[in-house]
Each structure stands twice: as C-alpha cells, then as structure tokens.
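In: Predicted model and sequence below, questions to follow.
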Amino acid sequence: MTSARRPASPSSRIGEDPSIPLPPAGRQAVEEFDALVRGEHGASLVCAQVNEHALRGLAAARTLQQRLGDLTRALATGEGPEGMLRGRLALSAVIMAAARGRELGGRQAERHAAALAVTRSLIAPETGS
C-alpha cells in the first residue's frame, strides 16, 4: 500500500502569498511536516506532540522530540527565545489544525489553510520598516 500523503493544494501552499515570502528551505520543511501530519501516521505525530510531557520517558518519543527540536531550530527566525518560539509556534499551528477541529471550527481545509497562513506570518523573514 502506498503512503496516504496528501500534498497541499496549490492555493494553500506555504509561501504562495507574495506579501509574506519565505525562503525555499523553510517553505519545503513546513510543507513536508504538514504532509506528515495529514498523512497516514499523522495521528501518531499529533498525539506525540500534544502529549509531549506524558511521553517524555519513552525512547521513541525522545527521538521524535529531538527531530522536532531540530526542525524548530531550522525554522527559528533569529537568535534567542523569540526566534525559537516562532519556530515552535509555527509547527504547533500545523498540529493544532489537525487536532483541534471542534475548538477551531470550520472545515478541515479551512483549518489547514489558516494554519499555513499563521505559519507564514510566524517564520517569514522580518523586513525593515
């Protein structure tokens, strides 16, 4: 059986909004993470992220948290806590769209598009004023 990976539709791809440009590496990383969350084993990834504290002692969860930490650092928009927070919140937006449907409302496609828009705004390079 092939993977249930569902690519983002062209209208909801990260970085497609020209007013909020993203570097290609950041766009690709978030799109791949989004595809994982929405794919065949996405529920396990969502569970591990949402229940991070409860799973802390498990070796597999530790490895997953290390990988998510690497991704967060790659998406961080700068040095220090603010940059890391933006990277982590960007990933959390993707998770939240998959895990919090009832609380967020709307259809899954609407939540997905909203998560990508929030992610764009969090990790887009800051422009001078």
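Out: Cool, got the structure.
In: Show me what the longest helix seen in the chain is packed against.
Out: In the chain, taking DSSP state H as the definition, the longest helix is helix 80-99. On a contact count with 3 or more Cβ pairs under 8 Å, 6 or more residues apart in numbering; DSSP states H and E, helix 80-99 meets helix 24-38, helix 42-50, helix 59-75, helix 108-123. Heads up, the C-betas are built off the backbone N, CA and C, glycines and all.
In: can you put the ones you listed in TSV and add mean pLDDT and distance to residue 99?
Out: TSV is the format used below for these (pLDDT from 0 to 100; distance: least, Cβ to Cβ, whole Å):
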stretch	mean pLDDT	distance to residue 99
helix 24-38	82	9
helix 42-50	83	5
helix 59-75	86	15
helix 108-123	90	10
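In: JSON lines for these, including distance to residue 82 and mean neighbour count?
Out: Converted to JSON lines, the helices and strands packed on helix 80-99 look like this (distance: least, Cβ to Cβ, whole Å; neighbours: other Cβ atoms under 10 Å):
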{"stretch": "helix 24-38", "distance to residue 82": "16", "mean neighbour count": "19"}
{"stretch": "helix 42-50", "distance to residue 82": "21", "mean neighbour count": "17"}
{"stretch": "helix 59-75", "distance to residue 82": "13", "mean neighbour count": "14"}
{"stretch": "helix 108-123", "distance to residue 82": "11", "mean neighbour count": "19"}
